[in-house]
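In: Sharing a model prediction with you, sequence too.
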Amino acid sequence: MASRPVIKVVGYKWLSSRPHSACKKCAGLHNQEFYYHPKGGQNSVADMPDPPLHPNCRCHIQDITRTSVELSEQEEDQSYVEGGFEALGGRWTNNGRGLSDGPVYEKWCGQYWSGGRDTRDPDAIGPRDITPSDELDRACRKHDNCYDMFEEDYCDRRLVRDLESLSDNPNGWRHPPGEKNAEKAEEFRKWAIRWFKWQIHRTQNKRRAFQEELPISP
Amino acid sequence: MRRNLDIILGLIACAIGLFTFATLVYLDYPYRDEWMMWIAPSLWLVCVIAMYIFRKRNPWWLIWVWLSFPGAFVVWCMLAIFIMGQDS
(Lines give C-alpha, C1' and ligand atoms only; values in the text may rest on other atoms or scores of the structure.)
Protein backbone atom coordinates (compact mmCIF):
# COMPACT_ATOMS: atom_id res chain seq x y z
CA MET A 1 0.00 0.00 0.00
CA ALA A 2 1.35 3.43 -0.87
CA SER A 3 2.25 5.48 2.18
CA ARG A 4 1.06 9.06 2.59
CA PRO A 5 2.21 11.84 4.88
CA VAL A 6 0.21 12.36 8.05
CA ILE A 7 0.40 14.37 11.24
CA LYS A 8 1.74 12.17 14.02
CA VAL A 9 1.77 12.86 17.73
CA VAL A 10 5.35 12.48 18.92
CA GLY A 11 4.76 13.64 22.47
CA TYR A 12 2.85 15.92 24.81
CA LYS A 13 3.46 19.29 26.38
CA TRP A 14 2.20 19.83 29.91
CA LEU A 15 0.46 23.17 30.40
CA SER A 16 -0.93 24.75 33.49
CA SER A 17 -3.52 27.43 32.78
CA ARG A 18 -2.35 29.47 35.79
CA PRO A 19 1.33 28.64 36.25
CA HIS A 20 1.95 31.44 38.75
CA SER A 21 -0.78 30.47 41.17
CA ALA A 22 -0.57 26.71 40.56
CA CYS A 23 0.54 24.20 43.16
CA LYS A 24 4.20 23.15 43.27
CA LYS A 25 3.62 19.96 41.31
CA CYS A 26 1.70 21.67 38.51
CA ALA A 27 4.04 24.63 38.33
CA GLY A 28 7.00 22.26 38.11
CA LEU A 29 5.45 20.42 35.19
CA HIS A 30 4.36 23.57 33.32
CA ASN A 31 5.83 23.76 29.80
CA GLN A 32 7.60 20.40 30.17
CA GLU A 33 7.65 18.22 27.09
CA PHE A 34 7.37 14.45 27.07
CA TYR A 35 8.25 12.32 24.04
CA TYR A 36 7.43 8.81 22.96
CA HIS A 37 10.96 8.33 21.75
CA PRO A 38 12.99 10.69 23.93
CA LYS A 39 16.44 11.69 22.84
CA GLY A 40 19.20 12.78 25.22
CA GLY A 41 17.83 15.08 27.92
CA GLN A 42 14.18 14.73 26.88
CA ASN A 43 11.46 13.32 29.11
CA SER A 44 9.64 10.12 28.24
CA VAL A 45 5.85 9.89 27.95
CA ALA A 46 6.04 6.92 30.29
CA ASP A 47 7.07 9.34 33.08
CA MET A 48 4.31 11.83 32.34
CA PRO A 49 1.43 11.98 34.83
CA ASP A 50 -2.00 12.46 33.31
CA PRO A 51 -3.97 15.55 34.25
CA PRO A 52 -5.87 16.23 36.42
CA LEU A 53 -3.29 15.75 39.17
CA HIS A 54 -5.71 16.72 41.91
CA PRO A 55 -9.28 18.05 42.34
CA ASN A 56 -9.71 21.43 40.61
CA CYS A 57 -6.50 20.92 38.68
CA ARG A 58 -6.41 23.24 35.67
CA CYS A 59 -3.55 21.53 33.88
CA HIS A 60 -3.89 19.97 30.48
CA ILE A 61 -1.64 18.41 27.88
CA GLN A 62 -1.10 19.57 24.35
CA ASP A 63 0.01 17.32 21.51
CA ILE A 64 3.44 17.78 20.06
CA THR A 65 3.02 16.83 16.42
CA ARG A 66 5.22 16.41 13.43
CA THR A 67 4.53 15.52 9.84
CA SER A 68 5.63 12.02 9.14
CA VAL A 69 5.04 9.26 6.71
CA GLU A 70 2.49 6.81 8.00
CA LEU A 71 3.46 3.18 8.18
CA SER A 72 1.49 0.99 5.86
CA GLU A 73 -1.79 0.37 7.72
CA GLN A 74 -1.61 -3.31 7.01
CA GLU A 75 1.84 -3.66 8.54
CA GLU A 76 0.73 -1.71 11.58
CA ASP A 77 -2.36 -3.91 12.01
CA GLN A 78 -0.46 -7.14 11.69
CA SER A 79 1.86 -6.19 14.51
CA TYR A 80 -0.77 -6.67 17.15
CA VAL A 81 -3.73 -8.28 15.41
CA GLU A 82 -3.57 -11.99 15.78
CA GLY A 83 -6.64 -13.94 14.67
CA GLY A 84 -10.22 -13.24 15.63
CA PHE A 85 -12.94 -11.49 13.67
CA GLU A 86 -14.40 -8.05 13.36
CA ALA A 87 -17.83 -6.94 14.51
CA LEU A 88 -19.29 -3.69 15.86
CA GLY A 89 -16.15 -1.82 14.87
CA GLY A 90 -13.87 -3.90 17.08
CA ARG A 91 -11.86 -7.09 16.76
CA TRP A 92 -13.05 -10.00 18.88
CA THR A 93 -10.99 -12.91 20.24
CA ASN A 94 -7.82 -11.17 19.12
CA ASN A 95 -4.44 -12.31 20.44
CA GLY A 96 -5.65 -15.15 22.66
CA ARG A 97 -8.61 -13.27 24.14
CA GLY A 98 -12.01 -14.85 24.65
CA LEU A 99 -15.47 -13.71 23.58
CA SER A 100 -16.25 -12.61 27.12
CA ASP A 101 -13.31 -10.19 27.00
CA GLY A 102 -15.14 -8.17 24.37
CA PRO A 103 -13.86 -6.35 21.31
CA VAL A 104 -10.71 -4.27 20.96
CA TYR A 105 -9.98 -1.29 18.76
CA GLU A 106 -6.42 -0.35 17.86
CA LYS A 107 -4.03 -0.13 20.84
CA TRP A 108 -6.02 1.19 23.78
CA CYS A 109 -9.73 0.49 23.36
CA GLY A 110 -11.06 -2.68 24.94
CA GLN A 111 -11.18 -4.47 28.22
CA TYR A 112 -7.72 -5.50 29.51
CA TRP A 113 -6.28 -3.98 26.33
CA SER A 114 -3.49 -1.44 26.69
CA GLY A 115 -0.63 -0.57 24.39
CA GLY A 116 -1.75 -3.05 21.72
CA ARG A 117 -1.71 -6.10 23.96
CA ASP A 118 -3.66 -7.91 26.62
CA THR A 119 -2.58 -6.65 30.02
CA ARG A 120 -3.12 -10.05 31.64
CA ASP A 121 -0.81 -11.90 29.29
CA PRO A 122 2.89 -10.98 29.48
CA ASP A 123 3.62 -13.18 26.46
CA ALA A 124 0.93 -11.65 24.26
CA ILE A 125 1.99 -10.83 20.74
CA GLY A 126 2.38 -7.12 20.14
CA PRO A 127 4.89 -4.33 20.21
CA ARG A 128 3.66 -2.72 23.46
CA ASP A 129 3.21 0.40 21.35
CA ILE A 130 1.82 3.25 23.39
CA THR A 131 1.26 5.80 20.63
CA PRO A 132 -2.52 6.17 20.18
CA SER A 133 -3.53 5.58 16.58
CA ASP A 134 -6.22 8.24 16.44
CA GLU A 135 -8.44 10.45 18.56
CA LEU A 136 -10.66 7.54 19.66
CA ASP A 137 -7.62 5.50 20.67
CA ARG A 138 -6.32 8.50 22.57
CA ALA A 139 -9.57 8.85 24.52
CA CYS A 140 -9.30 5.16 25.42
CA ARG A 141 -5.71 5.65 26.59
CA LYS A 142 -6.81 8.52 28.79
CA HIS A 143 -9.56 6.27 30.16
CA ASP A 144 -7.09 3.46 30.92
CA ASN A 145 -4.78 5.85 32.75
CA CYS A 146 -7.73 7.35 34.60
CA TYR A 147 -8.62 3.93 36.04
CA ASP A 148 -5.21 3.87 37.75
CA MET A 149 -5.98 7.03 39.69
CA PHE A 150 -9.70 7.58 40.03
CA GLU A 151 -12.96 5.78 40.59
CA GLU A 152 -14.22 3.80 37.59
CA ASP A 153 -17.53 5.65 37.48
CA TYR A 154 -15.79 9.01 37.18
CA CYS A 155 -13.49 7.71 34.42
CA ASP A 156 -16.41 6.20 32.51
CA ARG A 157 -18.28 9.51 32.62
CA ARG A 158 -15.19 11.31 31.40
CA LEU A 159 -14.80 8.82 28.56
CA VAL A 160 -18.42 9.21 27.48
CA ARG A 161 -17.98 12.98 27.50
CA ASP A 162 -14.79 12.69 25.44
CA LEU A 163 -16.35 10.29 22.95
CA GLU A 164 -19.49 12.38 22.57
CA SER A 165 -17.37 15.44 21.89
CA LEU A 166 -15.90 13.71 18.82
CA SER A 167 -17.75 14.41 15.61
CA ASP A 168 -19.74 11.72 13.80
CA ASN A 169 -17.32 11.89 10.92
CA PRO A 170 -13.95 10.44 12.00
CA ASN A 171 -12.21 12.26 9.15
CA GLY A 172 -12.99 15.50 10.98
CA TRP A 173 -11.19 14.44 14.18
CA ARG A 174 -8.00 16.18 15.18
CA HIS A 175 -6.15 12.89 14.72
CA PRO A 176 -8.28 11.01 12.21
CA PRO A 177 -8.04 7.24 11.80
CA GLY A 178 -6.63 5.82 8.59
CA GLU A 179 -8.93 5.57 5.61
CA LYS A 180 -9.37 1.86 6.26
CA ASN A 181 -10.31 2.41 9.90
CA ALA A 182 -12.73 5.35 9.60
CA GLU A 183 -15.88 3.26 9.48
CA LYS A 184 -14.71 0.94 12.25
CA ALA A 185 -13.75 3.89 14.44
CA GLU A 186 -17.20 5.44 14.16
CA GLU A 187 -18.93 2.13 14.82
CA PHE A 188 -16.73 1.40 17.83
CA ARG A 189 -17.22 4.94 19.18
CA LYS A 190 -21.02 4.56 19.05
CA TRP A 191 -20.89 1.18 20.79
CA ALA A 192 -18.45 2.43 23.41
CA ILE A 193 -20.76 5.35 24.24
CA ARG A 194 -23.75 3.00 24.57
CA TRP A 195 -21.76 0.51 26.64
CA PHE A 196 -20.30 3.01 29.09
CA LYS A 197 -23.62 4.85 29.49
CA TRP A 198 -25.10 1.51 30.48
CA GLN A 199 -22.22 0.89 32.89
CA ILE A 200 -22.80 4.32 34.48
CA HIS A 201 -26.51 3.56 34.79
CA ARG A 202 -25.74 0.20 36.42
CA THR A 203 -23.34 1.80 38.90
CA GLN A 204 -26.01 4.37 39.80
CA ASN A 205 -28.55 1.62 40.39
CA LYS A 206 -26.11 -0.36 42.54
CA ARG A 207 -25.38 2.73 44.62
CA ARG A 208 -29.08 3.47 45.05
CA ALA A 209 -29.75 -0.12 46.09
CA PHE A 210 -26.86 0.01 48.56
CA GLN A 211 -28.13 3.25 50.06
CA GLU A 212 -31.63 1.83 50.41
CA GLU A 213 -30.20 -1.15 52.26
CA LEU A 214 -28.39 1.04 54.78
CA PRO A 215 -30.08 1.03 58.19
CA ILE A 216 -31.77 4.30 59.05
CA SER A 217 -30.11 5.88 62.06
CA PRO A 218 -32.52 6.82 64.86
CA MET B 1 -43.78 -26.54 -3.75
CA ARG B 2 -46.61 -25.45 -1.44
CA ARG B 3 -46.44 -28.75 0.41
CA ASN B 4 -42.78 -28.12 1.23
CA LEU B 5 -43.03 -24.40 1.86
CA ASP B 6 -42.13 -24.85 5.53
CA ILE B 7 -38.99 -26.80 4.61
CA ILE B 8 -38.00 -24.16 2.05
CA LEU B 9 -38.46 -21.35 4.56
CA GLY B 10 -36.42 -23.33 7.08
CA LEU B 11 -33.64 -23.81 4.54
CA ILE B 12 -33.64 -20.08 3.77
CA ALA B 13 -33.32 -19.36 7.50
CA CYS B 14 -30.39 -21.81 7.68
CA ALA B 15 -28.75 -20.15 4.68
CA ILE B 16 -29.09 -16.76 6.39
CA GLY B 17 -27.50 -18.20 9.53
CA LEU B 18 -24.63 -19.78 7.60
CA PHE B 19 -24.01 -16.67 5.50
CA THR B 20 -24.00 -14.45 8.58
CA PHE B 21 -21.53 -16.71 10.34
CA ALA B 22 -19.33 -16.74 7.24
CA THR B 23 -19.61 -12.94 7.18
CA LEU B 24 -18.23 -12.77 10.68
CA VAL B 25 -15.23 -14.94 9.96
CA TYR B 26 -14.39 -14.49 6.28
CA LEU B 27 -16.41 -11.91 4.37
CA ASP B 28 -16.33 -8.16 4.15
CA TYR B 29 -18.80 -6.07 2.18
CA PRO B 30 -20.71 -2.76 2.52
CA TYR B 31 -23.25 -2.69 5.37
CA ARG B 32 -21.65 -5.79 6.88
CA ASP B 33 -22.31 -4.69 10.47
CA GLU B 34 -25.88 -3.66 9.69
CA TRP B 35 -26.46 -7.07 8.13
CA MET B 36 -25.11 -8.96 11.14
CA MET B 37 -26.78 -6.74 13.69
CA TRP B 38 -30.27 -6.13 12.35
CA ILE B 39 -30.99 -7.38 8.82
CA ALA B 40 -30.00 -11.04 9.19
CA PRO B 41 -31.72 -11.56 12.57
CA SER B 42 -34.92 -9.89 11.27
CA LEU B 43 -34.96 -11.94 8.06
CA TRP B 44 -34.26 -15.12 10.01
CA LEU B 45 -37.12 -14.38 12.40
CA VAL B 46 -39.51 -13.65 9.51
CA CYS B 47 -38.55 -16.94 7.82
CA VAL B 48 -38.96 -18.99 11.02
CA ILE B 49 -42.31 -17.39 11.89
CA ALA B 50 -43.54 -17.94 8.32
CA MET B 51 -42.28 -21.53 8.49
CA TYR B 52 -44.38 -22.23 11.58
CA ILE B 53 -47.42 -20.45 10.07
CA PHE B 54 -47.28 -22.44 6.82
CA ARG B 55 -46.11 -25.69 8.38
CA LYS B 56 -47.50 -28.92 7.02
CA ARG B 57 -45.90 -31.24 9.54
CA ASN B 58 -45.23 -31.77 13.21
CA PRO B 59 -43.12 -28.91 14.72
CA TRP B 60 -40.61 -31.52 15.97
CA TRP B 61 -39.71 -32.21 12.32
CA LEU B 62 -38.76 -28.54 11.96
CA ILE B 63 -36.57 -28.34 15.03
CA TRP B 64 -33.36 -28.44 12.93
CA VAL B 65 -33.93 -24.85 11.84
CA TRP B 66 -32.98 -23.67 15.34
CA LEU B 67 -29.43 -24.87 14.70
CA SER B 68 -29.01 -21.76 12.56
CA PHE B 69 -30.05 -19.43 15.40
CA PRO B 70 -26.48 -18.81 16.69
CA GLY B 71 -25.42 -18.07 13.11
CA ALA B 72 -28.11 -15.50 12.40
CA PHE B 73 -27.81 -13.89 15.84
CA VAL B 74 -24.05 -14.28 16.07
CA VAL B 75 -23.36 -10.67 17.07
CA TRP B 76 -26.11 -10.72 19.68
CA CYS B 77 -24.72 -14.01 21.05
CA MET B 78 -21.26 -12.44 21.25
CA LEU B 79 -22.66 -9.44 23.06
CA ALA B 80 -24.57 -11.71 25.45
CA ILE B 81 -21.40 -13.69 26.25
CA PHE B 82 -19.51 -10.42 26.78
CA ILE B 83 -22.19 -9.08 29.14
CA MET B 84 -22.37 -12.35 31.07
CA GLY B 85 -18.57 -12.29 31.33
CA GLN B 86 -18.81 -8.89 33.02
CA ASP B 87 -21.23 -10.10 35.66
CA SER B 88 -19.38 -13.27 36.58
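Out: Sure, I can see it.

In: ok, now how distant is the residue of chain A found nearest chain B from B:V65?
Out: For chain A and chain B, the shortest gap (C-beta to the nearest C-beta) falls at A:S100, measuring 2.6 Å. Placement of C-beta: from N, CA and C, glycine included. The spacing between A:S100 and B:V65, counted by C-beta to C-beta, to the nearest Å, is 28 Å.

In: Looking at those two now, which is surrounded by more residues?
Out: B:V65 (21 against 17; other C-beta atoms under 10 Å in any protein chain shown).

In: ok, residues contacting stretch A:140-149?
Out: With C-beta atoms under 8 Å, 6 or more residues apart in numbering or on different chains as the test, stretch A:140-149 has contacts from A:50, A:105-110, A:114, A:130, A:132, A:154-156, A:158-159, A:162, A:192.

In: List the buried residues for it?
Out: A:C140, A:R141, A:K142, A:H143, A:D144, A:N145, A:C146 (16 or more other C-beta atoms under 10 Å in any protein chain shown).

In: try stretch B:38-53
Out: Those would be B:A40, B:P41, B:L43, B:W44, B:C47, B:V48, B:A50, B:M51, for stretch B:38-53 by 16+ other C-beta under 10 Å.

In: again with stretch A:30-50
Out: Under the neighbour-count criterion of 16+ other C-beta under 10 Å, stretch A:30-50 has A:H30, A:E33, A:F34, A:Y36, A:P38, A:N43, A:V45, A:M48, A:D50 buried.

In: what's the closest of those to A:C59?
Out: Of all the buried residues of stretch A:30-50, A:C59 sits closest to A:H30, with 7.8 Å by C-beta to C-beta.

In: Quick check: the gap between the closest one and A:W14.
Out: A:H30 is 6 Å from A:W14, by C-beta to C-beta.

In: hey, where'd the helices end up in chain B?
Out: According to DSSP state H, chain B carries its helices in the segments B:5-25, B:32-34, B:40-53, B:69-72, B:74-87.

In: Provide the contact partners of the shortest one at residue level.
Out: In this case it means helix B:32-34. Identification of contacts with helix B:32-34 by C-beta under 8 Å, 6+ apart yields A:A87, A:L88, A:G89, A:E187, B:T23, B:V75.

In: Surely A:G178 is in a helix?
Out: No: counting by DSSP: H, G, I helix; E, B strand; the rest coil, A:G178 is not part of a helix but coil.

In: intersection of neighbour lists for A:H30 and A:W14?
Out: Contact with both A:H30 and A:W14 is made by residues A:C59, according to C-beta under 8 Å, 6+ apart.
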